[in-house]
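J.: turn this into a model:
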Amino acid sequence: MKIAISGKGGVGKTTIMALLANEFKKSGKEVLIIDADPSPHMAETLGFKDIEKIKPIAEMTKLLVERSGKVEGSPFYNMNPQVNDLLHDFMISHEGIKLMVLGAIQTGDKGCACPENNVLRRMLTKLLLSPEQVVLLDMEAGVEHLGRGTIAGIDQLLIVVIPARSSIRTALKIKKLAEDVRIPRIDFIGNLIKNERDRQFLSEGLGVTPIAFFADSQEIREAERDEIPLTHIAAPAENAPQLLMEALTR
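T.: Numbers count the residues shown, from 1 in each chain. The predicted model follows:
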C-alpha cells in the first residue's frame, strides 16, 4: 500500500500522517515514511533523536551531482543512477517506524537541477516499489508536485482540508491534478473539526464526505509546543486514526 498525503500549507498533513503511521505500526505492519516536504519535520513529530543532524537528501547537492555522473561542463548525466546504497545509508528508524528524509524534488534557484532531481526521483521510485511495507509519502504543500510527475506508483492520495474556503479551493485543485495524472484513488480528510457544522461545510464544499474527520485538538498543539512525540500521546485524535486506517484497508 503506497499512500501520499497533500493539502494547503498548515492544514496538518504531517500530523495526520504521523498518527496514521503509528496506527499501521500498531496493527503489525512494516511502515516507511518518506518526508518529501521542502521543510521536513516528520522526524521531530515522531520523536526521532538528534534531529538537528538529519539533513534532507535534496540538500546534499554535491552527493547528488556525483551520483548522477554529471561532469562539469557536460550536458550529459546518468539517467539510471545507482541509489540502493543511498537508501540504505540514509534510512533511519525509531520505535518501529522507518523514515527517509528526502526533501522536495524541485527546480533550483539558478535554473533546472535536472541531474540532482533525477537521482531524487530514482530514489523515490525505488522506495515506492517496496512490496512488503506500507509506504506513506508526506508531500509538500500545494499542487506543484503533481505537475512534476514525481509520484508515479502511488496507490492513493489523501488530501487534508480544513473548514475554510481557501483550503477547499486548494483541495479541489489538487484532486483535479491528481485525476489528470491518474492516481487510482483520491480521498479527502477533514482536520481541525470543531462541530457538526464544520463537517457539513466541508462535505458541501467538496461535494463528497471526507473519509475521516480529525477534531481540533488542544492536546496535539500542546504536545508540539512541549516537543512530545505524537505517538506518545494516549488517543491524541480520539479514534480518527484507527477509522482512517480501516477506511484505507477496507
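
J.: tell me which helix or strand of this structure sits lowest on mean pLDDT?
T.: Lowest by mean pLDDT, DSSP states H and E among the helices and strands of the chain is helix 144-147, with a mean of 62.

J.: can you give me the helices for this protein?
T.: 13-26, 42-46, 61-68, 84-90, 114-128, 144-147, 165-180, 196-206, 218-225, 240-249 (DSSP state H).

J.: for the residue nearest the centre of the chain, give its distance to T209.
T.: Among the residues of the chain, the one closest to the centroid is D138, at 0.6 Å (C-alpha atoms, centre = their mean). The gap separating D138 from T209 is 24 Å, by C-beta to C-beta, to the nearest Å. To be clear about C-beta, it is placed using only N, CA and C from the backbone, and glycine gets the same treatment.

J.: again, but for K126
T.: From K126 to T209 the distance is 36 Å (C-beta to C-beta).

J.: the top strand by length along the chain vs helix 165-180, what angle?
T.: Looking across the chain with DSSP state E, the single longest strand is strand 185-193. Angle, strand 185-193 to helix 165-180, by axes from the mean of the first three to the mean of the last three C-alpha atoms, to 10 degrees: 170 degrees.

J.: which parts of strand 185-193 are buried?
T.: I186, D187, F188, I189, G190, N191, L192, I193 (16 or more other C-beta atoms under 10 Å).

J.: and what of stretch 198-205?
T.: D198, R199, F201, L202, G205.

J.: which of the residues you listed sits closest to M1?
T.: Nearest to M1 among the buried residues of stretch 198-205, counting by C-beta to C-beta, is L202 at 24.9 Å.

J.: so what's the closest one up against?
T.: V161, P163, I168, F188, G190, I193, P210 (C-beta atoms under 8 Å, 6 or more residues apart in numbering).

J.: quick check: pLDDT value at the first one.
T.: Reported pLDDT at V161 in the predicted model: 97.

J.: ok, it touching I193?
T.: No - with contact defined as C-beta atoms under 8 Å, V161 does not reach I193; the gap is 10.4 Å.

J.: by how many degrees do the longest strand of the chain and helix 13-26 diverge?
T.: Using the same axes, to 10 degrees, strand 185-193 lies at 110 degrees relative to helix 13-26.

J.: other SSEs contacting strand 185-193?
T.: If you count contacts as 3 or more C-beta pairs under 8 Å, 6 or more residues apart in numbering; DSSP states H and E, strand 185-193 packs onto helix 13-26, strand 156-161, helix 165-180, helix 196-206, strand 212-215.
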